[in-house]
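*Asks:* can't give you the sequence, but here's the structure:
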């Protein structure tokens, strides 16, 4: 009888141990699964992945002081204007509406004599994923007099990315924008024009975000169902949002527009249609939408001109377009 009782008690112990082991294994599985998910998300959206290190550009030396006696040009600049031998930049702040309908945006009219003055730069001088710096930091590192944020290429794995005449990514998928060495800008479909054709044509830089806002001087289409990304956490771009865009009026004559938003009584942002209208009113023959939201930043002469997200706080980005000194 005693041996039977001991065996029964041992059986109870074994069952309890088995339950505990199963619970521990289940808990371990849950913790492991959560860890894997967190790592995958961090690897996709947080951990830097450098694919190509890019040689840092040497910022141009400051222009020598002009001597009016010998007729040399004087470099002229203030908080809203910059004038040199090859660059004219004029920035204005525009406000419309009031209260909850108020919109505040900044327009930079840029005229160049040399297309090479309009350049691009990567955060931390590296091409890859999740590599970011503030627009102002990238601009300062490259000696820029003026800059805006780019297309945040590092948030996605597709698109055709050419910068400085070098092809970094060749995954055609959407409507894009190209800058050419002759000072022109064109909108195109990545799936209809190959990277080899682009480079042969003299394309120096491409930006893959969109949509195309203006083409041949008219608004490019209906923006009600625009899809740029399907990445986790990507928000709709159809409503009123902060925006960044570039347009061309004529060869070597560009307009850059940055719209603030998401701050009551300061600026609600713009819809894509409103944004496109701004470029047509400015006389752009072609215009393209770049990354917006918290990325939207305009930099000029060592300061951020606009008010990112109404918080005076920049968000790190992958890249910028800038005007070299």
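*Replies:* That came through, no problem. As the structure is a computational prediction, the values presented were derived from the model and not from experiment.

*Asks:* Okay, now the unreliable bits of the stretch 1-150 of the chain?
*Replies:* 1-8, 11, 13, 25-27, 29, 31-33, 37-46, 58-73 (pLDDT under 70).

*Asks:* where along it do the helices fall?
*Replies:* Using DSSP state H, counting those that start in this stretch, the helices found in the stretch 1-150 of the chain span residues 2-45, 135-141.

*Asks:* try the stretch 151-300 of the chain
*Replies:* 195-201, 272-281.

*Asks:* Deepest-packed of those helices, please.
*Replies:* Comparing the helices of the stretch 151-300 of the chain by mean neighbour count (mean count of other CB atoms under 10 Å), helix 272-281 comes out on top with a mean of 20. The C-beta positions use only the backbone N, C-alpha and C, and glycine is treated the same way.

*Asks:* Residues touching it, excluding its own?
*Replies:* Contacts of helix 272-281 with the rest of the structure, by CB atoms under 8 Å, 6 or more residues apart in numbering, involve 103, 105, 107, 211, 213-214, 217-220, 223, 226, 237-238, 240, 243, 245, 247, 255, 257, 259, 270, 287, 289.

*Asks:* any idea of the mean pLDDT in that helix?
*Replies:* Helix 272-281 carries an average pLDDT of 97.

*Asks:* Flag the shaky bits of the stretch 201-325 of the chain, pLDDT-wise.
*Replies:* Residues of the stretch 201-325 of the chain meeting the criterion pLDDT under 70: 225-238.

*Asks:* One more pass at 80, please.
*Replies:* Along the stretch 201-325 of the chain, segments meeting pLDDT under 80 span 224-238.

*Asks:* Quick one: neighbours of residue 189, just the number.
*Replies:* A count of nearby residues for residue 189, using other CB atoms under 10 Å, gives 12.

*Asks:* so how far is residue 291 from the residue lying closest to it once chain neighbours are set aside?
*Replies:* Among residues not flanking residue 189 along the chain, residue 175 sits closest, at 5.4 Å (CB to CB, 6 or more residues apart in numbering). Between residue 175 and residue 291 the computed distance is 15 Å (CB to CB, to the nearest Å).

*Asks:* More neighbours: those two, which one.
*Replies:* Set residue 175 next to residue 291 and count neighbours by other CB under 10 Å: residue 291 wins out with 26 against 22.

*Asks:* which phi and psi does that one have?
*Replies:* phi -60, psi 140 (degrees, to the nearest 10).

*Asks:* Leaving out sequence neighbours, find the closest residue to it.
*Replies:* Per CB to CB, 6+ apart, closest to residue 291 is residue 152, 4.1 Å.

*Asks:* thinking that neighbour is in contact with residue 295, fair?
*Replies:* Yes. Applying CB atoms under 8 Å as the test, residue 152 and residue 295 come out as touching, 5.8 Å apart.

*Asks:* between the two, which one's more packed in?
*Replies:* residue 295 (27 against 24).

*Asks:* What is the neighbour count of residue 170?
*Replies:* So residue 170, with other CB under 10 Å, has 15 neighbours.

*Asks:* contacting residues for it?
*Replies:* If you count contacts by CB under 8 Å, 6+ apart, then residue 170 has 160, 195 around it.

*Asks:* what pLDDT does it get?
*Replies:* Reported pLDDT for residue 170: 98.

*Asks:* does it have beta-bridge partners, and which?
*Replies:* Under DSSP bridges, the beta-bridge partners of residue 170 are residue 160.

*Asks:* how near is residue 123 to residue 184?
*Replies:* 27 Å.

*Asks:* higher neighbour count, those two?
*Replies:* When residue 123 and residue 184 are compared for neighbours, residue 123 comes out ahead with 25 against 17, by other CB under 10 Å.

*Asks:* need the contact list for that one.
*Replies:* Counting by CB under 8 Å, 6+ apart, residue 123 has contacts 131-133, 138, 154, 316-319.

*Asks:* Go again with 7 Å.
*Replies:* By CB atoms under 7 Å, 6 or more residues apart in numbering, the residues touching residue 123 are 131-133, 138, 316-319.

*Asks:* For PyMOL, what selects the buried ones among those?
*Replies:* This is how PyMOL selects the buried members of the contacts of residue 123, with burial counted by 16 or more other CB atoms under 10 Å:
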select buried, resi 131+132+133+138+316+317+318+319
